[in-house]
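Trainee: generate coordinates for the sequence data below:
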Amino acid sequence: CVEGFTGMLGEHSWYPVSARVREAMVLHHASEMAGVPLADEDWTNIIDLDAWRRGGRRNPDGRVLLGRHSRDDRDKWPEDPAVLAAAYPALPGWETHVLGGTTHAERTLGGLPEHWTGHPFDSVGVREFLHGLDAYVYFTGQGYLESFGRAPLEAVAVGLPTVLPHSFAPVFGDAALYAEPEGVSAEVEALMGDEERYARQVRTGHEVLRERFSRQTHLRRLAELGVRVPAELVESPRALLVP
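Mentor: Residues are numbered from 1 along each chain as shown. Model (predicted):
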């Protein structure tokens, strides 16, 4: 790839999509990295925060609605039944909603738990699905390393406190909460029992996303490389949509 890009573009730089990809390139592919022009900055995925965020919390009705969405792929689910059950606990009034299919989870658990509701892939709009939750919990298979994590990004953008395994911390920082599967229930209970704590996590998530994962962020990247970007677009990228 380096040879091909050099032939087409001349001198260029590679920007990893996340700190996890950078780590994999540097630590696990060091022998292949000779001559690869690796930039100092990661170019993470971006999202239109204003289009995804909801106006406020779901109206309380005595339930706690956890959720997640992903492809129904084996690697997207913990393979240990105890881990999977702990991450999406069966507690009184708690429900787990899944968008994208539950085939692999059902195989692991020996069936779909009563407190789970599954929605086939693309049967509900992601934004609509996320807007109906109280918190987002996303755990994947042991040893599976996602290059970024678009699904958690969308959840944080909506305004959902998001609980992830610690391996995501280099990517999302303070935008998410981190726990072992057995610690999920305590994290969510603390949020649901403290309105200010819940609101503070939502605010922090939006602040991090606006700083690191927004359209403005990408426009600034381009401007720093010498691409002519009108200043008003850096401040308000929605101007791009105006004829």
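Trainee: where along this structure do the helices fall?
Mentor: 2-9, 19-23, 49-52, 81-87, 103-109, 126-131, 150-158, 169-172, 184-192, 195-212, 215-224, 231-235 (DSSP state H).
Trainee: most neighbours per residue, which of the ones you listed?
Mentor: Stretch with highest mean neighbour count among those: helix 150-158 (a mean of 24; mean count of other C-beta atoms under 10 Å). Where you see a C-beta, it was placed from the backbone N, CA and C, and this is true even at glycine.
Trainee: contacting residues for Y144?
Mentor: D75, K76 (C-beta atoms under 8 Å, 6 or more residues apart in numbering).
Trainee: any idea of the pLDDT on it?
Mentor: What the model reports for Y144 is a pLDDT of 83.
Trainee: quick check: phi and psi at it.
Mentor: Note on Y144: its backbone torsions stand at phi -80, psi 130 [degrees, to the nearest 10].
Trainee: and the gap between the residue positioned nearest the centre of the chain and A34?
Mentor: By C-alpha atoms, centre = their mean, the chain has its centre lying nearest to P152, at 2.0 Å. To A34, P152 is 34 Å away according to C-beta to C-beta, to the nearest Å.
Trainee: so how far is A105 from the residue nearest to the centre of the chain?
Mentor: 18 Å.
Trainee: how about the helices of the chain, which one is nearest G93?
Mentor: Closest to G93 of these is helix 184-192 (C-beta to C-beta; 9.9 Å).
Trainee: re earlier: got JSON lines for the helices of the chain, with mean pLDDT and distance to H115 too?
Mentor: Converted to JSON lines, those look like this (pLDDT from 0 to 100; distance: least, C-beta to C-beta, whole Å):
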{"stretch": "helix 2-9", "mean pLDDT": "92", "distance to H115": "50"}
{"stretch": "helix 19-23", "mean pLDDT": "91", "distance to H115": "32"}
{"stretch": "helix 49-52", "mean pLDDT": "95", "distance to H115": "27"}
{"stretch": "helix 81-87", "mean pLDDT": "97", "distance to H115": "11"}
{"stretch": "helix 103-109", "mean pLDDT": "96", "distance to H115": "11"}
{"stretch": "helix 126-131", "mean pLDDT": "97", "distance to H115": "17"}
{"stretch": "helix 150-158", "mean pLDDT": "98", "distance to H115": "20"}
{"stretch": "helix 169-172", "mean pLDDT": "94", "distance to H115": "27"}
{"stretch": "helix 184-192", "mean pLDDT": "98", "distance to H115": "13"}
{"stretch": "helix 195-212", "mean pLDDT": "97", "distance to H115": "21"}
{"stretch": "helix 215-224", "mean pLDDT": "91", "distance to H115": "38"}
{"stretch": "helix 231-235", "mean pLDDT": "71", "distance to H115": "45"}
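Trainee: out of these, flag the one nearest E95.
Mentor: helix 184-192 (11.9 Å).
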